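1. The following comprises the amino acid sequence and a computationally predicted model.
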Amino acid sequence: MFLPKNAAANEELRASDQARRDGYSRIEQWTTEAIPAEIRRGVTVSVQEVVCGDPDCAPIDTAIAILFPSGGRGMLGIPLEAKDVSKEALLDVFPTPQVLAAWSRGEDAEWPPMDDDEQDDGQRPRLRFEVGQRVVCRVGPDPVTGWAPGKVVKLWYREPSWPANSWAPYKIELDDGRNIFAPGDVDQVIREA
């Protein structure tokens, strides 16, 4: 049975909504001010809260999108509710002037920067193959002839254009010189040679 909220509950909900809207406004202002003046004109800043389903992250993150008139754009996130974001917290994760300039020109620029040496292997599944190990990889639709030999050259590979936290278990250099990645660590994709 549906019971209407009492006046106190309604007031609490209104206050919470207002605190979130005020947080959005502050973050939009701080973000705009932090963008260098020479590329600030026409920039749109969009702020929203995002519920994170990952048990290792904050329950609610604040996502900030920066949209330039050129069509360039970038995003950053803060693991806090908008009402709790301080100017210092924003500036701690804010893109560099070089990244902002690239976005303003419509170019892709990685933010936050990836550091391949700083992978948190402890939180990723253990893989079956090691760097240097010989493997055969599925490269075509035929179940018999659609395989090519090669060697693993990198674990937990990713392309700069991939979404954040997207990884392929392996990068492989095939014997014919091509470099490919294995999208999964399963026998249907990659097997021991």
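-> Nice, thanks for sending it over.
2. switch to C-alpha atoms for all contacts and neighbour counts from now on
-> OK.
3. Return the distance of the helix or strand bottoming out on mean pLDDT in the chain from the chain's centre.
-> The helix or strand of the chain with the lowest confidence, counting by mean pLDDT, DSSP states H and E, is strand 73-78 at a mean of 86. Its chain's C-alpha centre and that of strand 73-78 lie 9 Å apart, by Cα atoms, centre = their mean, to the nearest Å.
4. Direction included, what does it pair against?
-> strand 60-67 (antiparallel) (DSSP bridges).
5. residues making contact with the partner strand?
-> If you take Cα atoms under 8 Å, 6 or more residues apart in numbering as the criterion, strand 60-67 is touched by 43-52, 73-82.
6. Restrict it to CA atoms and write it as PDB.
-> Taking Å, rounded to 0.1, in the frame of the first residue of the first chain, the C-alpha atoms of strand 60-67 are listed here in PDB:
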ATOM      1  CA  ILE A  60      28.000   7.900  -5.600                       C
ATOM      2  CA  ASP A  61      30.600   9.700  -7.800                       C
ATOM      3  CA  THR A  62      30.400  13.200  -9.300                       C
ATOM      4  CA  ALA A  63      31.000  13.100 -13.000                       C
ATOM      5  CA  ILE A  64      32.100  16.300 -14.800                       C
ATOM      6  CA  ALA A  65      31.900  16.700 -18.600                       C
ATOM      7  CA  ILE A  66      33.700  19.600 -20.300                       C
ATOM      8  CA  LEU A  67      32.400  20.300 -23.700                       C
END
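7. any idea of the mean pLDDT in it?
-> For strand 60-67, the mean per-residue pLDDT is 88.
8. Tell me the gap between it and the middle of its chain.
-> Counting by Cα atoms, centre = their mean, strand 60-67 is centred 11 Å from the centre of its parent chain.
9. other SSEs contacting the longest helix anywhere in the chain?
-> Ordering each helix of the chain by length in residues (DSSP state H) puts helix 7-34 first. Contacts defined by 3 or more Cα pairs under 8 Å, 6 or more residues apart in numbering; DSSP states H and E place helix 7-34 against strand 44-51, helix 87-92.
10. Following the shortest one in sequence, what is the next regular element?
-> Helices and strands here follow DSSP states H and E; after helix 87-92, the next one along the chain is helix 97-104.
11. just to revisit the earlier point, relative orientation of the least confident helix or strand of the chain and helix 97-104 in degrees?
-> Angle, strand 73-78 to helix 97-104, by axes from the mean of the first three to the mean of the last three Cα atoms, to 10 degrees: 130 degrees.
12. next one: phi and psi at the residue nearest the centre of the chain?
-> By Cα atoms, centre = their mean, the chain has its centre lying nearest to residue 164, at 2.2 Å. The phi and psi values for residue 164, taken as degrees, to the nearest 10, are phi -50, psi 140.
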